[in-house]
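J.: Let me see the structure of the following:
(one chain, ligands or ions: 2)
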Amino acid sequence: MKVLVSGIVDFSTIDYPKKCSAVIFLYDCNMKCPYCHNLKHILEHKKEMTVEELFNNIDFFFADAIVISGGEPTLQKDAIIEIARYAKEKGFPVKIDTNGTNPEVIEELVKNKLIDYVAVDVKCKFDKYREFTKCEEDGEEIKKKILKIINLCKNNNVFVECRTTYVPKIMNEEDIEEIAKTVKDCDLYAIQQFEPKDAYDEEFRKIMPPKEEELIKLGKIAKKYINNVIIRTVNGVFEI
Ligand SMILES: C[S@@+](CC[C@H](N)C(=O)[O-])C[C@H]1O[C@@H](n2cnc3c(N)ncnc32)[C@H](O)[C@@H]1O
Ligand code: SF4
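T.: Ligands and ions are numbered 1, 2, ... in the order given. Predicted coordinates:
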């Protein structure tokens, strides 16, 4: 089985909450989020390797967990199943970052007990989804898929985080309120501070990141519907 890999980070303290993780960035994506700081790198870097070669390329001196990210990792179903199995055999907890478009892939991981933590991005209000992310699905389809992932995780004791990267002017309080109402059953909702530096769309590189006070205000809106809400900023993680 070959995996298409765009990059590896041996050691991260921010990608798997409360753990030091190695992060595997898989090639390609089925969305084109204008704010994405990974997409350009992902599309420009593609290395084919076996799962064994992939793990031989990771320095496990510090890492005690594996994060499978990208790009959109669920586009490589067989590869992520093999990566997760390999990681579990070595005793590592496994987290996946996904845009939620392939719940059947998450189901396969969950049902085979290959995953411990699922982080699903909820990009914006659902009626803006197709225009904002250039995805194939309409907002209602995306909503059903995200809810399916939340249910799957909840029913199988897998921790499920939903998260939104908040871009000022493009998004507003209404987006956060609608998202929070929809994903209210998740274990954790995170509002992430947009970082403009490497945004895929150059117009987004000119947008200032939201201030912490703005994110706290949005967090309080989400908190009306969800118990466990945090904001993630360059300065750290703050509970609301
Ligand atoms: C690059 S995505 C990869 C996984 C998956 N495709 C997804 O969208 O969740 C990983 C995380 O980075 C976040 N992200 C992307 N661009 C960002 C930016 N410019 N500032 C802050 N977070 C960003 C996404 O919202 C997502 O939570
Ligand atoms: S944020 Fe995720 S879904 Fe959006 S373009 Fe980047 S990798 Fe793809």
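
J.: Next, find the distance separating the nearest residue to Ala190 once chain neighbours are set aside from ligand 2.
T.: Of all residues not flanking Ala190 in the chain, Arg163 sits nearest, at 4.1 Å (CB to CB, 6 or more residues apart in numbering). C-beta here means a position set from N, CA and C on the backbone, and glycine is covered the same way. Using CB to the nearest ligand atom, to the nearest Å, Arg163 is found at 11 Å from ligand 2.

J.: In its sheet, which strands sit next to the one helix or strand Arg163 maps to, and in what direction?
T.: When secondary structure is defined using DSSP states H and E, the element that contains Arg163 is strand 159-166. Its sheet considered, strand 159-166 pairs with strand 117-121 (parallel), strand 188-193 (parallel) by DSSP bridges.

J.: what comes into contact with that strand?
T.: Applying CB atoms under 8 Å, 6 or more residues apart in numbering, the contact partners of strand 159-166 are 17, 35, 116-124, 146, 149-150, 153-154, 171, 175-176, 179, 183, 186-194, 210, 214-215, 218, 232.

J.: and ligand 2, which of the residues you listed contact it?
T.: When the contacts of strand 159-166 are filtered against ligand 2 using CB under 6 Å from any ligand atom, no residues are retained.

J.: Among these, name the buried ones.
T.: 17, 35, 116-124, 146, 149-150, 153, 171, 175-176, 179, 183, 186-194, 210, 214-215, 218, 232 (16 or more other CB atoms under 10 Å).

J.: burial measure for Lys206, as a count.
T.: Using other CB atoms under 10 Å, Lys206 is surrounded by 9 other residues.

J.: from memory it sits against Pro196, does it?
T.: Yes: Lys206 lies in contact with Pro196 (CB atoms under 8 Å); the separation is 7.1 Å.

J.: Excluding covalently adjacent residues, which one is nearest to Cys36?
T.: Tyr200 (4.6 Å).

J.: just to revisit the earlier point, please work out the angle formed by the directions of the very next helix or strand once past the strand holding Arg163 and strand 159-166.
T.: Downstream of strand 159-166, the next assigned helix or strand under DSSP H and E is helix 173-182. In terms of direction (axes from the mean of the first three to the mean of the last three CA atoms, to 10 degrees), helix 173-182 departs from strand 159-166 by 170 degrees.

J.: Is ligand 1 within reach of helix 173-182?
T.: No: judged by CB under 6 Å from any ligand atom, helix 173-182 stays clear of ligand 1, getting no closer than 12.4 Å.

J.: ok, residues contacting that helix?
T.: Against helix 173-182 from outside (CB under 8 Å, 6+ apart): 122, 124-126, 128, 143, 146-147, 162, 164, 166, 189, 191, 217-218, 221-222, 224-226, 229.

J.: So which bits of the protein are right by ligand 2?
T.: 29, 31-33, 36, 38-39, 70-72, 99.

J.: The helix ranked longest in the chain and ligand 1, any residue contact?
T.: Longest helix of the chain, by residue count under DSSP state H: helix 139-155. No: under the criterion of CB under 6 Å from any ligand atom, ligand 1 is not reached by helix 139-155; the shortest gap measures 11.2 Å.

J.: Packing partners of that helix?
T.: helix 103-111, strand 117-121, helix 129-133, strand 159-166, helix 173-182 (3 or more CB pairs under 8 Å, 6 or more residues apart in numbering; DSSP states H and E).

J.: which residues touch that helix?
T.: Contacts for helix 139-155 (CB under 8 Å, 6+ apart): 98, 100-103, 106-107, 110, 118, 120, 122, 125-130, 135, 137, 158-160, 162, 182-183, 185-187.

J.: Many thanks, have a good one.
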